[in-house]
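Trainee: take this sequence and fold it.
(chains A and B)
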Amino acid sequence: MEAYLVAIAIVGAIYVLLTLGLTVQYGLTGLVNFGHVGFFAIGAYASALLSLEGVPLVASFACAALAAALAAWPIGLVALRLRDDYFAVVTLGFSETVRLVITSERWLTNGVQGVPGIPRSFAGLGVGMAGSLATLAAIALVCLAVALALRRIARSPFGRVIEAIRDNEDALRALGKDPARFKMQVLALGAALAGVAGAFYAHYITYVSPDQFIPLVTFYVWMAMIMGGVGRVSGAVVGALLLMLFLEGTRFLRDVAPDLISAVDMASVRIGAVGLALILFTLYRPQGLVGDYTRR
Amino acid sequence: MSLVVRDVTKSFGGFRALDAVSFAMDGAAMLGIIGPNGAGKSTLFSVVSGFMAADRGTVALDGRPLDRLGAAARARAGMVRTFQVPREFHHLTVRENLMAAAPGQSGEGLLGLFLRPGRVRAEEEAIGAEADATIAFLRLTAVAGTPAGRLSGGQKKLLELGRALMAKPRLILLDEPFAGVNPVLVAELGERIAALNARGIGFLVIEHDLAALSRLVPRVLVMDRGRVLAEGPPGEVLRDPAVREAYLGGAAA
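Mentor: Down below sits the predicted model:
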């Protein structure tokens, strides 16, 4: 039971990191990134492949962040000139492209078979509870540091500009500031966080394959952000934990009443439930659970 | 300092919004632009400020052509515009709106933010003090901490002027500064603009309130159907039969 809880906590913390990335991009700046999972995948594969070549984990994590941020650069160059809705489509297309490249470039990624045997983080502590707890502590620390840094950014002159972009981009241009420059940095920052989340994921699960990086992951992250409260750093944390509760809760539902619903049906029911939850939150609690009620 | 617009033409499909518009103004002066709805005034503003590309013609500031510069670069060159319908940063407070407009902030870079916190703090204090002074000048002190989205239409007009001032322009393009502003405030806002002009800031002003505009600017440009119809002192120009015909549809002729 403890092992199960720790496992959930680790995956939950990975979602917290992903949600923090989306919070900078959408919550603060208004960038509709529907391709978050693409940056997550790049981070996971980058760190996994590098560590299998013998690169130490600290360096491979840094490379995961860097690779994801670099991948954001061309996307930004092309797509940040587009209107919001087009940007959403381009990013969604990007993440599917990443998945297809991973599937087809077998020489590098081993295709659909995936990459097994990825070094476990804190392998020195063994495969048992100690290693898992150390991993959990590490990712929780990273989440905390990132949350504090983001809070700092949100309250800074940089934060003021990106919120201004979200409110009215043209007005900012009229004042002599280039929204594209700021949006590019925000896109890269969010991507780097997703990349680090990917690295944690790869070295915890120790196996990566393309089917772990489907667009549904992106929408789970969106759901976490919307449930927690768009534009709030604390909202990202609360939302991601709520998401885990939801995902694991639906798993229990089947344990409690196995005859009620088959495993295959359950997957569909989950997706339906995600959609329903998104609609209900948008309708009845658009500011999320810990959102700012005084604004808007 | 001078703004020179030469031969600017802009069409939307078959509709010619601007038809070879030319004028020049001393950048430290005040020039009004009047004309009936659809005369092309706002389109002219968009082209001059770089929000729309002209089909033909040039815009130059101090002899430097601006045609290849985007809106942000033109603003940095010293020419800042406001909008007919105010575009406030609605989630930010009035004070934050003004502070966001200040140029050259090292806290706007992620590196500077974390590597030079002391400098960022000092800058914030200076910018904050400047914003407070501007807010007081525009009599917005009572709403300084209010999210801008909650202001009245007239207050938003003042906010846009304040934000433009924070960007340190030499020339401000005001699009209907008096629209939605209550009559008492119109007189006051006029005084504020005149005071700023006395400090050397030029104004190009689109306005429908002819009485208020006439008190403010020494010269006006009259536009009609994308063309410049007349230019001169307001009193003189408004007596021109062609202007009366265009503006009032002949009703008062």
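Trainee: how about the helices of the stretch 151-253 of chain B, start to end?
Mentor: B:153-166, B:183-198, B:210-216, B:234-239, B:241-248 (DSSP state H, counting those that start in this stretch).
Trainee: nearest to chain A, of those?
Mentor: helix B:153-166 (6.3 Å; Cβ to the nearest Cβ). From N, CA and C alone the C-beta is placed, and that goes for glycine too.
Trainee: what about the closest one, near chain A?
Mentor: Yes. Between helix B:153-166 and chain A, judged by Cβ under 8 Å from any Cβ of the partner chain, the touching residues are B:R163, B:A164, B:M166.
Trainee: what does the stretch 1-150 of chain A have sitting close to chain B?
Mentor: Proximity of the stretch 1-150 of chain A to chain B (Cβ under 8 Å from any Cβ) is limited to residues A:A149.
Trainee: drop anything exposed from the residues of helix B:153-166 next to chain A.
Mentor: B:R163, B:A164, B:M166 (16 or more other Cβ atoms under 10 Å in any protein chain shown).
Trainee: I'd like those laid out as a markdown table, including distance to B:V205 and pLDDT.
Mentor: A markdown table is the format used below for those (distance: Cβ to Cβ, whole Å; pLDDT from 0 to 100):
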| residue | distance to B:V205 | pLDDT |
| --- | --- | --- |
| B:R163 | 17 | 97 |
| B:A164 | 12 | 97 |
| B:M166 | 19 | 97 |
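Trainee: about what we covered before: the helices of the stretch 151-253 of chain B: lowest mean pLDDT?
Mentor: Lowest mean pLDDT within the helices of the stretch 151-253 of chain B: helix B:241-248, at a mean of 80.
Trainee: so what does that helix touch, helix or strand wise?
Mentor: Counting contacts by 3 or more Cβ pairs under 8 Å, 6 or more residues apart in numbering or on different chains; DSSP states H and E, helix B:241-248 is packed against strand B:219-224, strand B:227-232, helix B:234-239.
Trainee: got the contact list for the second one?
Mentor: Taking Cβ atoms under 8 Å, 6 or more residues apart in numbering or on different chains as the criterion, the residues outside strand B:227-232 that touch it are B:19-23, B:35, B:40, B:219-223, B:237, B:240, B:242-243, B:246.
Trainee: could you rerun that using 6 Å?
Mentor: B:D19, B:V21, B:L221, B:V222, B:V237, B:D240, B:V243, B:A246 (Cβ atoms under 6 Å, 6 or more residues apart in numbering or on different chains).
Trainee: and what of the last one?
Mentor: Applying Cβ under 6 Å, 6+ apart, the contact partners of helix B:234-239 are B:S214, B:V220, B:V222, B:A230, B:V243.
Trainee: which two of these have the greatest separation?
Mentor: By the measure Cβ to Cβ, B:S214 and B:A230 form the most distant pair in the contacts of helix B:234-239, at 14.4 Å.
Trainee: chain B: strands as residue ranges?
Mentor: B:2-12, B:15-26, B:30-34, B:56-61, B:64-65, B:79-81, B:171-175, B:202-206, B:219-224, B:227-232 (DSSP state E).
Trainee: let me have those in CSV, extended by distance to B:R87 and mean pLDDT.
Mentor: Below are the strands of chain B laid out as CSV (distance: least, Cβ to Cβ, whole Å; pLDDT from 0 to 100):
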stretch, distance to B:R87, mean pLDDT
strand B:2-12, 21, 95
strand B:15-26, 21, 94
strand B:30-34, 20, 95
strand B:56-61, 22, 95
strand B:64-65, 27, 93
strand B:79-81, 10, 96
strand B:171-175, 10, 96
strand B:202-206, 16, 96
strand B:219-224, 23, 94
strand B:227-232, 27, 92
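Trainee: tell me which of the ones you listed sits most buried.
Mentor: Most buried of those, by mean neighbour count (mean count of other Cβ atoms under 10 Å in any protein chain shown): strand B:79-81, with a mean of 28.
Trainee: partner strands of that strand, parallel or antiparallel?
Mentor: Paired strands of strand B:79-81, with direction, are strand B:171-175 (parallel) (DSSP bridges).
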